[in-house]
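**Student:** predicted model and sequence below, questions to follow.
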Amino acid sequence: MNLRELQMEILAAIHVGTPSPVLQGSIVNGQGLDPKRCLEIHRQTWLGARMEVLKSAFPVCHQIVGPACFRRLSRDYALAIPSRHPNLHLFPENLAVWLEYWIEGRPEFADYAYLPDLARYEWARYRIQETGDNETFDFTAFERLPKIQKINIRFCLSRAASLVSSRFPVHELWLLHTKFAAQGTLEARRLPEQLLVYKSEEGAAIEELSENAAGVYRLLAQGSSLKKLQVTADTTGFALDAFIVRLIKLGCITGFKQASHEPEKTT
Amino acid sequence: MSNTLTGTGIGLRGPHIPRLLKERPAVPWLEALADNHLAPAGPAREQLRAVRQDYPVTLHCVGMSIGGTDPIDEAYLARIRALRDEIEPAWISDHLCWTAVDGQQMHDLLPLPYTKATLRHVGDRILAIQDFLQCNILVENVSSYFKFRESSIADAEFLSELTRITGCGLLLDVCNSYVSSFNHGTTAQEFLERLPLDRVAEIHLAGFDDQGDHLLDAHNASVPEVVWELFARVMQRRPEIPALVEWDRDLPDLDVLIEQARRADAIRRVQINGESG
C-alpha cells in the first residue's frame, strides 16, 4: 500500500467508522488500543469540527431540531457534501439546499418544512461576519458616464448582501429563538416573504422587499444591465431609480462595470 | 522575514483581540492562525493588521498538507504568501501531517508513516512549498494516536532528516511530544534528546485532555506540570528558543495566557541567569 492508498483507506475509515482489514493490519498503538478505536479519535475530530461550524452558522436550526438530530444531520451532510475548501467556515454554504432533499420523505420532519429556508436565512446572516466592510459606490464616476454607456452598465452587489425568499416568516422565527425574542407565527403565507439581508454597522440587518423589488434584485444578482432592469421595471411601474439609490445607501450595490460584448441572458 | 523573536508569546485568538488592541499588554510576540486571516478583506484581516502595529507576529498554518498526496494547493499558498507580504511575520509554520486527500479537507492533522519513501515525498513537498513562498518554513511535530507498522525511522530522526534535506526549521511542540509518547508507550524525554535542537526555532506549550485510554491534543487547558518539566529540560540546552502558549478551546481570560507565558520566561531565566523562578 503506497502513501496515497493509505490516506484513501484512512479517509474511508473515518467516513464509515470501521477500518478495512488492510488498514487494521497497518496500525499499532502503544497503549493497546485497537485500530478502530484509534481511528475513532480522528473520526470524532472530523465530525466535531464540522458540527461546531454548522452549529455556529445555524444556531436556531440547532435549537429547533435538538443536539442529537443536529449531530445526525451534520454527519449526513459531511458525508454527502465533503469539505473541499481549506476554510472550514465555507463548509456550511450548501446546507440549506441539501436540507431540502434530506428532510424529504422523513416523516419526523413533516412539521419542519421551513427548515431549509431558515437555514438559508441563517447562512445569509453568518456570511456577513466573514466579509469585509462594503466598498463605497463611486457616484462621481457613475454620473460622468455618457447616457449611452450608462444604460449598459451592470451593478456589482456586495458579497455580504443576500435575498432570502420564503413562504415562512423565517426572520420572526429566528427572533423567537434568539435573545431578541418576540412573538411570531409559523403559519405559511400565501406569498413568499422577500428578505434582503445586508451588512450594517451593527452587523446583519434586514429589509423586507416587495415582489417587484425582489424580482429586480434577482436580475441584479444575475448581472443584468441597467437597460434590462429598466425595461422590467417599466412593465410593472416599479420605481427603479429609487430602489437602486436605496441599495447603494444600504451598501448592497458597491460599484458598477461597463457592459461586456456578451449577449445578455434572457430569463 | 526575520527570526529575531525572544521570550514567550501567546496565540492570537479572536476574543482576546479587542483587549490586546485597547490595553496593549506586555506580550513579546503573538502567533496568528494564518487560516483565520486569509480573506483579504473583512474583520479578521483588519484586526490582524491592527495587532501587527504593536506586536511582532508569526503565522501558523494548518492547510499546507505537507504530507498530502493531492497536488500542492497553490491557490492556498498564494493567499498565505499575500498575507505574509502584508503582515511581515517573523516566520511561517505548519505541521508534519496530511490534511486533505482526494480533494476532501479533513480539518484534522493526520499522521504519516515514517519511511524513506515518505521522507523523500515530504522533503520534495517542503522544497516546493518553500520555493513557492520564497522562504524556509518551520515544521511542527504533531500529536498522534497510532503509528504505522511500516514506519522504519524514529520520529526525531525523521524530523532531523527533513531539516537536512530541505533546510526547513522545526517548531517543537512539547505538549505534542508528550501526548504522542504517552499514546505510543515511549518517553518524550527520549524524543527530545534525539531531536536536533539547533534546528528548533520555536517551541509550543499547550494543555492536553486525558481521555482515559489516550491523551488528546485538545489545547483546552493550562500547560500541565509534566509539560513544564519537559520544557525546562529543553531550556537547559537551548534557553534562547522563543516559546508560545497555545490555547484554542474553552479559551480563558487573556491574563491566564499571559501568566502562563511569564511562567515559561521564568523557567527560561533560571537557565540564562541562574535566577530563581
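**Tutor:** Yes, it's here.

**Student:** switch to C-alpha atoms for all contacts and neighbour counts from now on
**Tutor:** Will do.

**Student:** please enumerate the helices of chain B.
**Tutor:** Ranges of helices in chain B, per DSSP state H, are B:17-23, B:43-52, B:74-87, B:116-133, B:155-166, B:174-184, B:188-194, B:225-237, B:254-273.

**Student:** redo these as JSON lines? Include mean pLDDT and distance to B:Gly63.
**Tutor:** Output for the helices of chain B, formatted as JSON lines (pLDDT from 0 to 100; distance: least, C-alpha to C-alpha, whole Å):
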{"stretch": "helix B:17-23", "mean pLDDT": "95", "distance to B:Gly63": "23"}
{"stretch": "helix B:43-52", "mean pLDDT": "92", "distance to B:Gly63": "17"}
{"stretch": "helix B:74-87", "mean pLDDT": "96", "distance to B:Gly63": "8"}
{"stretch": "helix B:116-133", "mean pLDDT": "98", "distance to B:Gly63": "12"}
{"stretch": "helix B:155-166", "mean pLDDT": "97", "distance to B:Gly63": "19"}
{"stretch": "helix B:174-184", "mean pLDDT": "95", "distance to B:Gly63": "18"}
{"stretch": "helix B:188-194", "mean pLDDT": "95", "distance to B:Gly63": "26"}
{"stretch": "helix B:225-237", "mean pLDDT": "97", "distance to B:Gly63": "26"}
{"stretch": "helix B:254-273", "mean pLDDT": "94", "distance to B:Gly63": "25"}
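
**Student:** which bits of the stretch 51-200 of chain A sit near chain B?
**Tutor:** Residues of the stretch 51-200 of chain A lying close to chain B by C-alpha under 8 Å from any C-alpha of the partner chain are A:Pro82, A:Ser83, A:Arg84, A:His85, A:Pro86, A:Asn87, A:Leu88, A:Gln129, A:Glu130, A:Thr131, A:Gly132, A:Asp133.

**Student:** what comes up buried for the helix or strand of chain A with the lowest mean pLDDT?
**Tutor:** Lowest by mean pLDDT, DSSP states H and E among the helices and strands of chain A is helix A:147-150, with a mean of 86. Buried residues in helix A:147-150, counted by 16 or more other C-alpha atoms under 10 Å in any protein chain shown: A:Lys150.

**Student:** identify all contacting residues around that helix.
**Tutor:** A:Phe142, A:Leu226, A:Gln258 (C-alpha atoms under 8 Å, 6 or more residues apart in numbering or on different chains).

**Student:** between those residues, which has the most around it?
**Tutor:** A:Leu226 (21 neighbours; other C-alpha atoms under 10 Å in any protein chain shown).

**Student:** my read: it touches A:Tyr217, true?
**Tutor:** No: counting by C-alpha atoms under 8 Å, A:Tyr217 is not a contact partner of A:Leu226; they are 11.7 Å apart.

**Student:** residues from chain B in reach of chain A?
**Tutor:** Counting by C-alpha under 8 Å from any C-alpha, chain B sits next to chain A at B:35-36, B:39, B:41-44, B:63, B:69, B:76, B:101-108, B:110, B:118, B:145-150, B:182-186, B:213-214.

**Student:** of the residues you listed, which belong to strands?
**Tutor:** Among those, DSSP state E puts B:Val101, B:Gln104, B:Gln105, B:Met106, B:His107, B:Asp108, B:Leu110, B:Lys147, B:Phe148 in strands.

**Student:** which residues does the second one bridge with?
**Tutor:** Same thing as B:Gln104. B:Val101 (DSSP bridges).

**Student:** so A:His42 is in which element?
**Tutor:** Using DSSP states H and E, A:His42 sits in helix A:35-57.

**Student:** what angle do that helix and helix B:174-184 make?
**Tutor:** If you take axes from the mean of the first three to the mean of the last three C-alpha atoms, to 10 degrees, helix A:35-57 sits at 140 degrees to helix B:174-184.

**Student:** returning to what we had before: most neighbours of all the ones in strands among the residues of chain B next to chain A, which one?
**Tutor:** B:Met106 (28 neighbours).

**Student:** buried set for stretch B:203-217?
**Tutor:** Going by neighbour count (16+ other C-alpha under 10 Å), the buried part of stretch B:203-217 is B:Ile203, B:His204, B:Leu205, B:Ala206, B:Gly207, B:Phe208, B:His214, B:Leu215, B:Leu216, B:Asp217.

**Student:** mind picking the two most distant members of those residues?
**Tutor:** B:Ile203 and B:His214 (23.1 Å; C-alpha to C-alpha).
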